[in-house]
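Visitor: 3D model of this:
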Amino acid sequence: MSEPEGTTRRMPVLEKPAPPPEERALPRAGRFWSVRRVPAGIVAALLLGAFGVFLYDVVAVRAGHSAMYWRTYLAGQLATRPLDDIWVLIGAGVAAALGLWLLVLALTPGLRAVLPMRRTHPDVRAGLHRDAAALVLRDRAMEVSGVQSARVRVRRRKAEVRAASHFRELDEVHADLDTVLGEAVGALGLARPPRLAVRVRRPGRKG
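Guide: Residues are numbered from 1 along each chain as shown. So this is what the prediction gives:
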């Protein structure tokens with residue numbers, strides 16, 4: 001049948017299939033945040049104890065009993081001491097330092113010992129402990145010919161390697177360590193591979 005004049009035909013709409021997970025934009029691999037149970041528990045316990053004692057004293061005063069000595073003494077000191085008194089300044093400094101410490105804990109991630117790894121799936125996050133990364137780099141350094149001992153320290157942005165070579169030229173050992181450890185750092189799969197700092201020396205004399 002022929003369609004009546006003046007009408008338009010709706011064309012079929014083809015929906016674009018969703019891209020596979022590996023083609024989607026992966027989120028940035030940020031640092032892991034610490035829950036900081038110990039500082040939070042200490043602050044909560046101190047606040048709970050202080051507020052409990054203060055509330056008990058207020059209720060006791062409302063019931064007709066006299067206020068505790070510490071609250072009366074504190075109120076008298078705050079009313080009579082000038083603002084430039086040494087003890088007032090010390091108390092204000094301690095309160096400011098504690099407040100700054102709490103702000104730093106609240107605004108910084110923590111868990112500095114865990115290095116974030118590259119994201120390969122949007123729902124999976126992985127991290128590598130610094131000690132484990134240092135152990136892997138140390139094992140790779142010990143495989144280099146001429147290396148007698150090696151000490152590795154991994155930080156967030158830098159991996160320090162100190163090796164002792166009992167034979168071969170130090171420059172050759174240094175070049176081999178740069179190559180081997182560079183490949184090892186890339187194989188760790190870290191989101192931000194640390195910069196290598198390699199030092200090679202002769203072993204010290206015993207005795």
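
Visitor: how about the strands in this protein?
Guide: Here the chain has its strands, by DSSP state E, at 114-116, 127-129, 147-154, 158-165, 195-201.

Visitor: distance from the helix or strand bottoming out on mean pLDDT in the chain to the middle of the chain?
Guide: Least confident helix or strand, the chain: helix 69-80 with a mean of 82, by mean pLDDT, DSSP states H and E. Chain-centre distance of helix 69-80: 43 Å, with Cα atoms, centre = their mean, to the nearest Å.

Visitor: now for the strands of the chain, which one comes closest to V59?
Guide: With Cβ to Cβ as the criterion, V59 lies closest to strand 114-116 of the strands of the chain, at 46.9 Å. Every C-beta, even on glycine, is put in place using the N, C-alpha and C of the backbone.

Visitor: what packs against that closest one?
Guide: Contact here means 3 or more Cβ pairs under 8 Å, 6 or more residues apart in numbering; DSSP states H and E; on that basis strand 114-116 packs against strand 127-129, helix 130-142.

Visitor: cutoff 7 Å now
Guide: Applying 3 or more Cβ pairs under 7 Å, 6 or more residues apart in numbering; DSSP states H and E, one finds that strand 114-116 contacts strand 127-129.

Visitor: may I see the buried residues of the strand it packs on?
Guide: Residues of strand 127-129 classed as buried: 127-128 (neighbour count, 16 or more other Cβ atoms under 10 Å).
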